[in-house]
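> Give me coordinates for this.
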Amino acid sequence: FSQRINKNYFFCIQSHKHGNIKLERIHNYCEKHGFILNHSTIQMIQKSFANMITSAYAYGIEQKNSNAKNTDIKLQLTHVNALPSRTEQGIFIIIELGNLIEDIRYSLISLLGKQIPSYDILHSRGYNLPEEIRKSHGSILLDHLAIGLRDFLEE
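Next up is the predicted model:
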């Protein structure tokens, strides 16, 4: 399926004008059941989704507060492939987004396995995002993170 905007409508599939009977049937079904959306409906959905993401993020940060409201979107504040076994060793880079003091923190840590303490922070730097980066597209944020990581590693 591809996305297509044609005459102020959003189509979840390609137009059926190409003579494909299957696409025409799918298009007719989508149209009958309200799956072809105009721009104002799409904007309303985008705003609603953005509010849910913001609410989920706020809930994740404030979850220690028993008065925090529950949210429909589950948002993890980190990405983990597996639970730690406490035997991990080596030097790792951490990029932390959106902690309570800075917007971005880069850290270089050494995990020491079962020793106590089990880690050592070798180097760490945090800073706030400029307002223009906050309000820009995600690709600009990722570029900013990559440049920041490069600068951090060169320190």
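> State the helix or strand in which Glu31 lies.
Assigned by DSSP states H and E, Glu31 belongs to helix 21-32.
> Pull the contacting residues for the closest residue to Ile121 other than its chain neighbours.
Closest residue to Ile121 apart from its sequence neighbours, by C-beta to C-beta, 6 or more residues apart in numbering: Ile109 at 5.4 Å. All C-beta atoms are positioned from the backbone trio N, CA, C, and that covers glycine. By C-beta atoms under 8 Å, 6 or more residues apart in numbering, the contact set of Ile109 is Ile91, Phe92, Ile94, Tyr119, Asp120, Ile121, Leu122.
> what's the answer for Arg125, then?
Applying C-beta under 8 Å, 6+ apart to Arg125 gives the contacts Arg105, Tyr106, Ser107, Phe152, Glu155.
> Alpha carbons of the host helix or strand of Ala50, in CSV - could you do that?
Assigned by DSSP H and E, Ala50 falls within helix 39-61. Coordinates of each C-alpha in helix 39-61 appear next as CSV, following Å, rounded to 0.1, in the frame of the first residue of the first chain:
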residue,chain,number,x,y,z
HIS,A,39,-7.0,16.9,5.4
SER,A,40,-8.8,18.4,8.4
THR,A,41,-9.5,14.9,9.8
ILE,A,42,-5.9,13.9,9.2
GLN,A,43,-4.7,17.1,11.1
MET,A,44,-7.1,16.2,14.0
ILE,A,45,-5.6,12.7,14.2
GLN,A,46,-2.1,14.1,14.1
LYS,A,47,-2.8,16.5,16.9
SER,A,48,-4.5,13.8,19.0
PHE,A,49,-1.6,11.4,18.4
ALA,A,50,1.0,14.1,19.3
ASN,A,51,-1.0,14.8,22.5
MET,A,52,-1.0,11.1,23.4
ILE,A,53,2.8,10.8,22.8
THR,A,54,3.4,13.9,25.0
SER,A,55,1.1,12.5,27.7
ALA,A,56,2.9,9.1,27.6
TYR,A,57,6.3,10.8,27.8
ALA,A,58,5.1,12.9,30.8
TYR,A,59,3.7,9.8,32.4
GLY,A,60,7.0,8.0,32.0
ILE,A,61,8.9,10.8,33.7
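> Report all helices and strands that that helix contacts.
strand 9-11 (3 or more C-beta pairs under 8 Å, 6 or more residues apart in numbering; DSSP states H and E).
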